[in-house]
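In: Build the 3D model from these lines:
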Amino acid sequence: MDPLSASSYNLSAQRDTRLDSTASTKSLSHYEQRNLKNLSPQVTVIATSNHIVVGIALAYSAVLIPQLENSDDIPVTKTQTSWIASVLALVAPFGSILSGYLMDKWGRITVLKLSVVPGLLGWVLIATSRSVPMIIIGRVFSGLASTLSTSPAVVYITEIARKDMRGSLIALGPSYVSLGMVIAYFKGWLISWRLIAWLCNIYLVVPFFLLFLIPESPIWLVSKGRVQEAQKALDWLHKYQPRPNNQKSFAEMTLNLLVKEDETKKSEAQGGDSTIREFLKPTGYKPLLILSGLFFFQQYSGIYIFLFYSVSFFENVGTNVNPYIASILIGVIRLIMSLLNTWMLKRFSRRVLIMISGSGMALAMLISGLFTSWIKEGTTDLTWVPVVFLLFYVVASMVGLLTIPWTMTAELFPLKIRSMAHSISTSIVNLIMFFAVQNYVSMEVALGGSAGVQWFFAGLSLGAVLFTFVFLPETHRKKLSEIEDYFKHNTIYLGQKTKETPVSDKNEIDNLIKHV
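Out: Residues are numbered from 1 along each chain as shown. Presented below is the predicted three-dimensional model:
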């Protein structure tokens, strides 16, 4: 949980609390520090298990729309298909706001359980639909369930996981989403859209019952004054942690730290600048504008449009490859790349990854567009080439432009407004996504078909590379204070003003080098 605005006095108190945390951890023996055992991996598997149905919801329009267009079950127009695909993105901002409010009021696990209700309602409505408006309403409820299940899971994992495992455990959620997409594409190849909707309820009910096996977040319980329940939750999470001789258990020590941190946060909330005033500072509005620009290029480079319309997209390029099999390959590639993302983010700079990603996407779409136009003209028989390069486009997108902007919503903003800024940034990108997905059908008509759309995506991918090169600061291996200081003095990354390292810091660095 992020602290609210703080005065200089309260920031000092927060630093003291962190020092207490370090001291308490050091009270454990060397063996115990290296063998901290808790159940966070097992708990994470349960808390993120409903992400599978989130992936199905994202990919569902890709299999639903062509099945509707190729049957007389429910008549559908191009305008209606655009609403079926895009309505999830329209619901997301409102769902995120509701999720944040309910998480604070009722707890993380409780909201995860409640997310099953709109999920079941949405998929049952879709499965029993007799008209397009009924399908869209079902998509609204399934989209609401998705937002109510993702944010609490990420917050919960952040609060219960060890620092060294946090990134890897959070990455499990996107991996589940990618798995859900594979399931949706595979089922769309074999069975009807109605049966897929009915089967989605299984992926909601099973996680619902599993959630009763894990405790509520200890941090949230402490924030509500329910200290004894927090103690029980910590005891359960650390039940396999050895107890030091003649010392408090690890759970007891952790509880003491949480209580101190909660007291500090509550005192911080009583002082400091207002949130609006913080956003009016360069450290507030500059990263928001840069992220909004980056998300614009992300969305209009076609990443999510391709996801929502994958089956139809493959059909439109004129390939002889089964569009469902090609879509399944998209899901498999995303699943594999999502597992590699954590490794790449630890080792390579954000700017380099995004620029490599955008360049690869542009190249893939350019070549795919060329072959699509030649296939339409009848000048080539290599109908498999567009599929290969579209799959390469997916690989390239997963390298950086699809994933990194989302992580930067937590990196670029100061601690005082990070939670609110993250919500605002997420709402902005979902609205951009809605307009991008909504306008895809009319865009295809205006640009003269699939080849024109692919060249448009190639141009916007290059635009993302240029925008990143000029504006986006590097955050890899940067302290949050360094990122904040950058925005105080810079807007354009090229020709940035660098802050000279103080002599005392240089001496400290020299001393560290000598001891390496």
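In: if I pick residue 204, what's in contact with it?
Out: 50, 53, 116, 119-120, 123, 145 (CB atoms under 8 Å, 6 or more residues apart in numbering). From N, CA and C alone the C-beta is placed, and that goes for glycine too.
In: now do 10 Å
Out: 49-50, 52-53, 115-120, 122-123, 142, 145, 149 (CB atoms under 10 Å, 6 or more residues apart in numbering).
In: Now the phi/psi pair for it, please.
Out: Per-residue torsions, residue 204: phi -100, psi -40 (degrees, to the nearest 10).
In: Among the contacts of residue 204, which one sits closest to residue 448?
Out: residue 142 (34.0 Å; CB to CB).
In: give me the element the closest one is part of.
Out: Secondary structure from DSSP states H and E places residue 142 in helix 132-160.
In: What are the buried residues along that helix?
Out: Buried residues in helix 132-160, counted by 16 or more other CB atoms under 10 Å: 132, 135-160.
In: again with stretch 311-321
Out: So, applying 16+ other CB under 10 Å, buried residues of stretch 311-321: 311-319.
In: how about it as PDB, C-alpha atoms only?
Out: C-alpha atoms of stretch 311-321 as PDB (Å, rounded to 0.1, in the frame of the first residue of the first chain):
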ATOM      1  CA  VAL A 311      -9.100 -14.700 -36.200                       C
ATOM      2  CA  SER A 312     -10.700 -12.100 -38.500                       C
ATOM      3  CA  PHE A 313      -7.300 -10.500 -39.000                       C
ATOM      4  CA  PHE A 314      -5.700 -13.700 -40.300                       C
ATOM      5  CA  GLU A 315      -8.700 -14.300 -42.600                       C
ATOM      6  CA  ASN A 316      -8.300 -10.800 -44.100                       C
ATOM      7  CA  VAL A 317      -4.600 -11.200 -45.000                       C
ATOM      8  CA  GLY A 318      -5.600 -14.000 -47.500                       C
ATOM      9  CA  THR A 319      -3.600 -16.800 -46.000                       C
ATOM     10  CA  ASN A 320      -4.500 -20.500 -46.400                       C
ATOM     11  CA  VAL A 321      -3.400 -21.200 -42.900                       C
END
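In: Roughly how far does residue 75 sit from residue 62?
Out: Distance, residue 75 to residue 62, by CB to CB, to the nearest Å: 20 Å.
In: and if you look at residue 405?
Out: Distance, residue 405 to residue 62, by CB to CB: 22 Å.
In: The two: who's more crowded?
Out: residue 62 (27 against 24; other CB atoms under 10 Å).
In: element containing the more buried one?
Out: Assigned by DSSP H and E, residue 62 falls in helix 51-69.
In: which of the residues in the helix or strand following that helix are buried?
Out: Per DSSP H and E, the first helix or strand lying C-terminal to helix 51-69 is helix 78-106. For helix 78-106, the buried set under the neighbour-count rule, 16+ other CB under 10 Å, comprises 80-93, 95-96, 99-100, 102-103, 106.
In: Could I get the average pLDDT for helix 78-106?
Out: For helix 78-106, mean pLDDT is 89.
In: Contact partners for the closest residue to residue 91 other than its chain neighbours?
Out: Leaving aside its chain neighbours, residue 91 sits nearest to residue 143 (3.8 Å; criterion: CB to CB, 6 or more residues apart in numbering). Contacts for residue 143 were tallied using CB under 10 Å, 6+ apart; they are 54, 57-58, 87-92, 94-95, 118-119, 122, 430.
In: do residue 343 as well
Out: Contacts of residue 343 were listed using CB under 10 Å, 6+ apart, and they are 168, 171.
In: go on, residue 314?
Out: 62, 66, 306, 321-327, 329-330, 386-387, 390, 450 are the contacts of residue 314 under CB under 10 Å, 6+ apart.
In: Give me the most central residue, this structure.
Out: residue 406 (5.6 Å; CA atoms, centre = their mean).
In: Now that one: which helix or strand?
Out: Applying DSSP H and E, one finds residue 406 within helix 404-411.
In: Could you check the following helix or strand past that helix and say which residues are buried?
Out: As assigned by DSSP H and E, the chain's next helix or strand after helix 404-411 is helix 418-438. Neighbour counts over helix 418-438 (16+ other CB under 10 Å) mark 418-434, 436-438 as buried.
In: pLDDT below threshold where in the stretch 51-200 of the chain?
Out: 163-164, 166-167 (pLDDT under 70).
In: tally of neighbours for residue 307?
Out: Neighbour count for residue 307, taken as other CB under 10 Å: 23.
In: Can you verify my assumption that it contacts residue 334?
Out: Yes. Residue 307 lies in contact with residue 334 (CB atoms under 10 Å); the separation is 8.6 Å.
In: Mutual contacts of the two, please.
Out: 59, 181, 394, 397, 402.
In: Nearest to residue 193 among the residues you listed?
Out: Out of these, the member with the shortest distance to residue 193 (by CB to CB) is residue 59, at 11.8 Å.
In: What distance do you get for the closest one to residue 196?
Out: 10 Å.
In: same thing with residue 491?
Out: Distance of residue 491 to residue 196, computed by CB to CB: 48 Å.
In: more crowded one of the two?
Out: Neighbours per residue, other CB under 10 Å: of residue 491 and residue 196, the larger number sits with residue 196, 23 against 14.
In: which non-adjacent residue is nearest the more buried one?
Out: residue 187 (4.9 Å).
In: quick one: contacts for the one you found?
Out: Counting by CB under 10 Å, 6+ apart, residue 187 touches 56, 59-60, 63, 193, 195-196, 199-200, 324, 328.
In: ok, for residue 300, nearest residue in space, not its chain neighbours?
Out: For residue 300, ignoring the flanking residues on the chain, the nearest one in space by CB to CB, 6+ apart is residue 460 at 4.6 Å.
In: I figured that neighbour hits residue 294, correct?
Out: No. If you go by CB under 10 Å, residue 460 and residue 294 don't touch, sitting 11.7 Å apart.
In: Overlap of the contact sets of the two?
Out: Taking CB under 10 Å, 6+ apart as the criterion, residue 460 and residue 294 both touch residue 467.
In: pLDDT below threshold where in the stretch 251-400 of the chain?
Out: The stretch 251-400 of the chain contains residues with pLDDT under 70 at 262, 265-273.
In: Which parts of it are helices?
Out: Along the stretch 251-400 of the chain, the segments classed as helices by DSSP state H, counting those that start in this stretch run 275-279, 282-300, 303-308, 310-316, 323-347, 350-377, 385-399.
In: Residue 176 is nearest to which of these?
Out: Here helix 323-347 is closest among these (CB to CB), at 9.2 Å.
In: Report the inter-axis angle for that closest one versus helix 350-377.
Out: Counting by axes from the mean of the first three to the mean of the last three CA atoms, to 10 degrees, helix 323-347 lies at 160 degrees to helix 350-377.
In: residues of helix 323-347 that come out buried?
Out: Of the residues in helix 323-347, 323-324, 326-335, 337-338, 341-342, 345 count as buried by neighbour count, 16+ other CB under 10 Å.
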